[in-house]
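Chemist: How does the following fold in three dimensions:
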Amino acid sequence: MQSQPWTPTKDGLNRKGSLLSWLDERIRILLLAPAFLVMLLVFLYPILYTVYLSVHDWTLFTMQDPPFIGFKHILEVLSDTTFHRSLLRSAIYVCAGVGLQLVLGFTLALAVDRIRRGQGLLTTLFVFPMMVTPVVVGLMWKFIFDYNFGIFNYTLTLFGLEKMAVLNTSSTALAALIFVDTWQWKPFMFIVLLAGLRSLPTEPFEAADIDGASAWQKLRNITLPLLKSVMIVCLVMRAAGAIKVFDQIYVLTGGGPGTSTETFSILLHRKAFAEFNFGYSSALAIVLAIIVGIICWFAVRSLYSEKQGATIMRSNRNHPLLYVYVYGALVIFLFPIFWVMFTSIKTPTQAFQIPPVWFFSPSLENYREVFRTQPFSEYLINSLITTVVSTLLALVIGTLAGYSLARFRIKGQRVITFSVFFTKIFPPIVLVVPFFVLFQQLGSTDSLFSLIVSYTTFNLPFVIWLMWGFLKELPESLEEAAIIDGTTRFGAMVAGCAAACQARTCRIRHLHRHELLERISVCA
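Modeler: Below is the predicted model of the structure:
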C-alpha cells in the first residue's frame, strides 16, 4: 500500500521535518525543563515552608497555632553569639578541610595521571573512602581514636609518645574532624580532577614543549588556568557539602567537648530537635543559605569568565618519589578500612585487646549475627532499587541540563545556575519536616517512591554542576562537524557528546555508589 504524503502544518512545515525543527528551535528550553520541573515541584514547597516557619514562633508549645513574629527570629540569629561562634567553627572546618582536599586530590590526580600501569586499580582503590557512609566513617574513626582501645594511641605509645584524648580535647577535636572529612572526601576531588585532566586536548602542551617550557611553567601557566572552572565546581560543591555536614560530627563528638566542635549544622539540630524551636532553626537555615549564596554567586560569576583549555602532557619518565607519594597515600587512606575489616573477623574480646592481636583464627560470627538479627536481604533490595533508579534519573536529567548551560547562551543563565546551586546548599536537615508533610499529603510515606524522588532531587544539582564543568571543556568541533553533515542540533548533541561524556557519566555513577551503603545503614 502506498503511504500518504506528508501534509503541511499550520507553521508551513511538513510533518517530516516539523518535529526536528521544533526540537532545534526549543532545545535549550527542553533540556532545562525536566531538571527545573523536578526541583520546583519537590524543592519549592519545602523551601517556602521553611520560610513560613522562620516568621512564626513555631515551638513545641505553640505548634497548634504559632503566632506570626515577622523577622524576629532572623534578627535574634544575627545577634546571637552562639551563632557567631558556630559560624566561625564552620568556616574553619570548611576552609581547612576543603583546601586540604583540593591540594591532596589535585596532586594525586597529577601523579596517577602520569602512571601508565595499574591506573584503573589505583583510581578504584583511592575512591574507597568515599564509598563508606558518613555514619560508618564516624563510628570507624571514633574506634580508631579511642583513648583506651584505639590503634592511634597504641601507635603513639610505640614511639614513646603520650596518649591523646583526641576527640575529648578542645584543642584537637576540631582538627580531628577536619582530618576525617579530608580522609573521606579527598577521593571526590581526586576523581573529578583526574577526569578533567583526561578530558582535554594536548596541543597547547606540545607547543609549550617546542618553546622549551619546564614542567612547572606548563603546570602554572596552562594546566591550572584551564582547569580552573572544574576546580571551582569541586570547591563549591565540597564547600556546600562540608558546611552542612552533620552525621560525622554528631557521631564523633556531638558538638563537644562543650561546644568546641558545634558547627552550624549541630547548632541547627540542637535548636530544632533538642529544644524543638523550629522557627528559630528555620531562621538559622535561611541565614546560612543567604551567607553561602552570596559567596557562591561570585563563584558562579567566575565560571563564565573561564576559557576552554588543554590538559597535562603525560611524561614517559616518572621520578621514583612519584610512586612513593602515590602508594604511600594509598596505604594511609586504605588503612582505616583495612583495620575495621580486620577487626570485624575478631571476637569481641580480641577486638578490644591492646596491644592488638595480629595472629588469630578468623571468625565470621559477627557477620552471621547481622544476618540472623536483621532482614538484610530486604534492606539490600530496597537499597539497590532506590540507588539505581535515583542515580539514573539524576544522570539523565542532570546531563541534559548541564549540556544546555554549557552550550547555549540563555537569558538569565547566571540566575539559573545560582538557583541550581542554591538547592544544593540548602541544609537537608531543615527540609526533613517539610518533605515529610509533602509526602504525607501525597500519601507516599513509607514508600520507595518518596526515597527515589528525594534522592533524585538532592543529587540533581550535583550532577548538573559536575556535567556542566566537564561539558564546558569538551570541544564543540564534534557537534559543528555533525551539523555541517546535515544533523540537527539535537542529533549532534546525542552523537557528538554521548561518547565524550561516557567516561564522565561512569565516574558520576561511581561517585553515587556510596549511596547504596548509605541506604543499607539507614534502614539498619
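
Chemist: where are the low-confidence patches of the stretch 251-400 of the chain?
Modeler: Along the stretch 251-400 of the chain, the parts satisfying pLDDT under 70 run over 296, 298-319.

Chemist: Residue 192: neighbouring residues, count only.
Modeler: Neighbourhood size, residue 192 [other CB atoms under 10 Å]: 26. (Each C-beta comes from the backbone N, C-alpha and C, glycine too.)

Chemist: I'd guessed it sits against residue 466; true?
Modeler: Yes: using CB atoms under 8 Å, residue 192 makes contact with residue 466 at a distance of 6.8 Å.

Chemist: Need the residues touching each of the two.
Modeler: Shared contacts of residue 192 and residue 466 (CB atoms under 8 Å, 6 or more residues apart in numbering): residue 233.

Chemist: average model confidence for stretch 80-94?
Modeler: Averaged across stretch 80-94, pLDDT comes to 93.

Chemist: quick one: buried residues of it?
Modeler: 80, 83, 86, 87, 89, 90, 93, 94 (16 or more other CB atoms under 10 Å).

Chemist: How about stretch 113-129?
Modeler: By 16+ other CB under 10 Å, the buried positions in stretch 113-129 come out as 113, 114, 122, 123, 125, 126, 127, 128, 129.

Chemist: contacts for it?
Modeler: By CB under 8 Å, 6+ apart, the residues outside stretch 113-129 that reach it are 108, 112, 137, 183-187, 190-191, 194, 197-198, 312, 314-315, 318, 322-323, 326, 329-330, 333-334, 336-337, 510.

Chemist: Alpha carbons only: can I get it in PDB?
Modeler: Presented in PDB, the C-alpha positions along stretch 113-129 are these (Å, rounded to 0.1, in the frame of the first residue of the first chain):
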ATOM      1  CA  ASP A 113      47.700  10.600  35.500                       C
ATOM      2  CA  ARG A 114      51.400  10.100  34.900                       C
ATOM      3  CA  ILE A 115      51.400   6.400  35.900                       C
ATOM      4  CA  ARG A 116      50.700   4.200  33.000                       C
ATOM      5  CA  ARG A 117      50.300   0.700  34.600                       C
ATOM      6  CA  GLY A 118      47.700  -0.100  37.200                       C
ATOM      7  CA  GLN A 119      46.000   3.300  36.700                       C
ATOM      8  CA  GLY A 120      42.400   1.900  36.900                       C
ATOM      9  CA  LEU A 121      43.100  -0.100  40.000                       C
ATOM     10  CA  LEU A 122      44.700   2.900  41.700                       C
ATOM     11  CA  THR A 123      41.700   5.000  40.900                       C
ATOM     12  CA  THR A 124      39.300   2.400  42.300                       C
ATOM     13  CA  LEU A 125      41.300   2.000  45.500                       C
ATOM     14  CA  PHE A 126      41.600   5.700  46.100                       C
ATOM     15  CA  VAL A 127      37.800   6.100  45.800                       C
ATOM     16  CA  PHE A 128      37.100   3.500  48.600                       C
ATOM     17  CA  PRO A 129      36.800   6.000  51.500                       C
END
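
Chemist: And it, how far out from the chain middle?
Modeler: Relative to its chain's centre, stretch 113-129 lies at 20 Å (CA atoms, centre = their mean, to the nearest Å).

Chemist: hey, where'd the strands end up in the stretch 251-400 of the chain?
Modeler: With DSSP state E, counting those that start in this stretch, there are no strands along the stretch 251-400 of the chain.

Chemist: Over to residue 59: give its phi and psi.
Modeler: Backbone torsions of residue 59, given as degrees, to the nearest 10, read phi -120, psi -180.

Chemist: just the one 10 residues further on next, same as before
Modeler: Taking degrees, to the nearest 10, you get phi -130, psi 10 for the backbone angles of residue 69.

Chemist: if we can go back for a sec, kindly write the ChimeraX command that selects the buried subset of the contacts of stretch 113-129.
Modeler: Here is the ChimeraX command that selects the buried residues among the contacts of stretch 113-129 (16+ other CB under 10 Å):
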select :108,112,137,183,184,185,186,187,190,191,194,197,312,322,326,329,330,333,336,337,510
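
Chemist: Looking at the contacts of stretch 113-129, which are in helices?
Modeler: In this view, the contacts of stretch 113-129 that belong to helices under DSSP state H are 108, 112, 137, 183-187, 190-191, 194, 197-198, 322-323, 326, 329-330, 333-334, 336-337, 510.

Chemist: Which SSE is immediately downstream of the longest helix along the chain?
Modeler: In the chain, assigned by DSSP H, the helix with the most residues is helix 15-54. Sequence order places helix 72-79 as the next helix or strand after helix 15-54, per DSSP states H and E.

Chemist: hmm, back to that, so of the buried residues of stretch 113-129, which two are at opposite extremes in space?
Modeler: By the measure CB to CB, 114 and 129 form the most distant pair in the buried residues of stretch 113-129, at 22.3 Å.

Chemist: Ignoring the adjacent residues along the chain, who's closest to residue 130?
Modeler: residue 187 (4.2 Å; CB to CB, 6 or more residues apart in numbering).

Chemist: can you pull the contacts of that neighbour?
Modeler: 105, 126, 127, 128, 129, 130, 333.

Chemist: Out of those, which is nearest to residue 42?
Modeler: residue 130 (25.3 Å).

Chemist: From what I see, that closest one and residue 188 are in contact.
Modeler: Yes: judged on CB under 8 Å, residue 130 makes contact with residue 188 at a distance of 5.9 Å.

Chemist: I'd assumed residue 147 was in contact with residue 162.
Modeler: No: here residue 162 lies out of contact with residue 147, judged by CB under 8 Å, at a distance of 11.0 Å.

Chemist: These two: which has the busier surroundings?
Modeler: For residue 162 versus residue 147, neighbours defined as other CB under 10 Å are more numerous around residue 147 (14 against 7).
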